[in-house]
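A.B. asks: Let's see this in three dimensions:
(chains A, B, C and D)
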2 protein chains.
Amino acid sequence: MDELDAVFRALADGSRRELLDRLHARNGQTLNELCTGLVMSRQAVTKHLAILEGANLVATYWRGREKLHFLNPVPIHAISERWIDKYEHGRLRLLAELKKNFEEDSDG
Amino acid sequence: MDELDAVFRALADGSRRELLDRLHARNGQTLNELCTGLVMSRQAVTKHLAILEGANLVATYWRGREKLHFLNPVPIHAISERWIDKYEHGRLRLLAELKKNFEEDSDG
DNA sequence: TCATTATGCAACTATATGGTTGCATGTCAA
DNA sequence: TTGACATGCAACCATATAGTTGCATAATGA
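C.D. replies: Have a look, this model is predicted:
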């Protein structure tokens, strides 16, 4: 369960989700490439990427002096399967409960 | 997109995910019921529930002096559809890219 | 060789976060 | 009516987080 926690925490930040989106759009980018167009400093991006790496969402390897970043979709698949699906299954039932509750509420 | 951010942030904390799990197990619990068995104070639970409410993950209504909490599955469905699915679709391709990259790496 | 480029490391800062405690308010039931 | 119960509100605290700046290191290429 601790792996899930790292992933959820990593995904909590919008800048990190944007970095993932950029890698999703074009995989294997260098740090500098990922920095272009962002308002924050390179160091800030480095830190975000380190957190994504720590959550196994990004894998890296060195090509000369460049560090290439690759998206690893496995942890996202994991939270989808192990956590989100649980809520999706009972979704219509839960919605019905909510609705019923609000109806009772407005009835008095 | 700001709604997604609130949901991701709300889900980042393990205590909050546990509260959602408890409501998923039994919907409509009062604050006191949700507190039982947890190590933190009632006030801490209140704050967590407020954050979940702020992200629309939990809906509440009053019955006398008791506050009932209901799970709202819609935001979880939303992040699943609007964010996670995007990564799930290209998942095998992304994995293949990762694998290929590591093979090239070990080749030299 | 040497300047340039790509990145890392460390120290520092401001604010967000998760938690606490104490007291107030409103509802229920004897 | 009054005490107990369920919850809210506010102040406070320690730590985590997101960001910065400055300097160091290593690869590239002219």
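A.B. asks: contacts for the lengthiest helix in chain A?
C.D. replies: For chain A, the helix that runs over the most residues, judged by DSSP state H, is helix A:91-107. Contacting residues not belonging to helix A:91-107 are listed as A:87, B:24, B:27-28, B:59, B:61, B:68, B:70-74, B:77 [C-beta atoms under 8 Å, 6 or more residues apart in numbering or on different chains]. For glycine as for every other residue, the C-beta is placed from the backbone atoms N, C-alpha and C.
A.B. asks: Of those residues, keep whichever come out buried.
C.D. replies: Neighbour-count burial (16 or more other C-beta atoms under 10 Å in any protein chain shown) is assigned, among the contacts of helix A:91-107, to A:87, B:27, B:28, B:59, B:68, B:70, B:71, B:72, B:73, B:77.
A.B. asks: Quick one: name the residues of chain A near chain B.
C.D. replies: A:5, A:8-9, A:11-12, A:14, A:17, A:20, A:24, A:27-28, A:59, A:61, A:68, A:70-74, A:76-77, A:79-80, A:83-84, A:86-88, A:90-91, A:94-95, A:97-98, A:101-102, A:105 (C-beta under 8 Å from any C-beta of the partner chain).
A.B. asks: Filter the residues you listed down to the ones in helices?
C.D. replies: A:5, A:8-9, A:11, A:14, A:17, A:20, A:24, A:74, A:76-77, A:79, A:86-88, A:91, A:94-95, A:97-98, A:101-102, A:105.
A.B. asks: Name the residues of the helix or strand of chain A with the lowest mean pLDDT that come out as buried.
C.D. replies: Ranking every helix and strand in chain A by mean pLDDT, DSSP states H and E puts helix A:91-107 at the bottom, with a mean of 80. By neighbour count on 16+ other C-beta under 10 Å, the buried set for helix A:91-107 is A:91, A:94, A:97, A:98, A:101.
A.B. asks: Would you format those residues as a markdown table with distance to residue A:50 included?
C.D. replies: Listed next are the buried residues of helix A:91-107 as a markdown table, based on distance: C-beta to C-beta, whole Å:
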| residue | distance to residue A:50 |
| --- | --- |
| A:91 | 35 |
| A:94 | 37 |
| A:97 | 42 |
| A:98 | 40 |
| A:101 | 44 |
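A.B. asks: List just the nearest of the residues you listed to residue A:47.
C.D. replies: residue A:91 (36.0 Å; C-beta to C-beta).
A.B. asks: Next up, phi/psi of whichever residue of chain A sits closest to DNA strand D, please.
C.D. replies: Using C-beta to the nearest atom of the strand, the single residue of chain A nearest to DNA strand D is residue A:64, 2.1 Å away. Backbone geometry at residue A:64, expressed as degrees, to the nearest 10, gives phi 60, psi -120.
A.B. asks: same check, this time on residue A:73
C.D. replies: Dihedral angles (degrees, to the nearest 10) for residue A:73: phi -80, psi -10.
A.B. asks: One more: residue A:66?
C.D. replies: phi -100, psi 140.
A.B. asks: Pull the contacting residues for it.
C.D. replies: Going by C-beta under 8 Å, 6+ apart, the list of residues near residue A:66 reads A:30, A:31, A:32.
A.B. asks: if I look at it, how far off is residue B:74?
C.D. replies: 43 Å (C-beta to C-beta, to the nearest Å).
A.B. asks: Can you go through the contacts of residue A:66 and name the buried ones?
C.D. replies: Among the contacts of residue A:66, none scores as buried (criterion: 16+ other C-beta under 10 Å).
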